[in-house]
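> Next come a sequence and a model predicted from it.
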Amino acid sequence: MSKNSKQTSPNVASVAGKALGSSSSSAVQKSLAGSALRQSGSSAQTGAQTEGRASRALDNPNSAPVTKTLAGSVVSQSNRQR
């Protein structure tokens with residue numbers, strides 16, 4: 001697996017932390033938030049399943065802005081060869 005040079009920004013990491021701590025966050029938001037936080041300060045790369053979930057969230061016009069923020073960060077740190 002190639003090394004990922006991108007990392008979650010501090011602003012997105014803050015959004016992710018709030019999403020994980022909120023009881024009103026959806027399961028998709030919590031999943032994307034966990035992935036975004038895992039990629040904060042590390043060379044971790046988005047897995048295929050999470051990449052698909054994030055892609056679907058971005059394509060969904062009903063996704064909340066928080067979901068789209070998290071999904072955008074997660075997708076940007078995915079494997080470009082997939």
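Good, I have the coordinates.
> The nearest residue to residue 19 once chain neighbours are set aside: which element?
Nearest residue to residue 19 in three dimensions, chain neighbours excluded: residue 33, at 4.1 Å (CB to CB, 6 or more residues apart in numbering). Using the backbone N, CA and C atoms, a C-beta is placed for each residue, glycine as well. Using DSSP states H and E, residue 33 falls within helix 27-38.
> in the chain, which spans are helices?
With DSSP state H as the criterion, the chain has helices at 10-21, 27-38, 48-59, 65-76.
> Pipe those helices into JSON lines and attach mean pLDDT and mean neighbour count per row.
Below are those laid out as JSON lines (pLDDT from 0 to 100; neighbours: other CB atoms under 10 Å):
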{"stretch": "helix 10-21", "mean pLDDT": "96", "mean neighbour count": "16"}
{"stretch": "helix 27-38", "mean pLDDT": "95", "mean neighbour count": "21"}
{"stretch": "helix 48-59", "mean pLDDT": "95", "mean neighbour count": "16"}
{"stretch": "helix 65-76", "mean pLDDT": "95", "mean neighbour count": "20"}
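> so what's the residue most central in space within the chain up against?
The centroid of the chain falls nearest to residue 74 when counting by CA atoms, centre = their mean (3.3 Å). Residue 74 is in contact with 32, 35-36, 39, 46, 50-51, 54, counting by CB atoms under 8 Å, 6 or more residues apart in numbering.
> Nearest to residue 13 among these?
Nearest to residue 13 among the contacts of residue 74: residue 36, at 6.7 Å, using CB to CB.
> ok, that closest one touching residue 9?
No - using CB atoms under 8 Å, residue 36 is not in contact with residue 9, being 9.3 Å away.
> Common neighbours of the two, please.
residue 73.
> how close does residue 43 sit to residue 5?
7 Å (CB to CB, to the nearest Å).
> neighbour-wise, which of the two wins?
Neighbour tally, residue 43 and residue 5, criterion other CB atoms under 10 Å: the higher count belongs to residue 43, 13 against 7.
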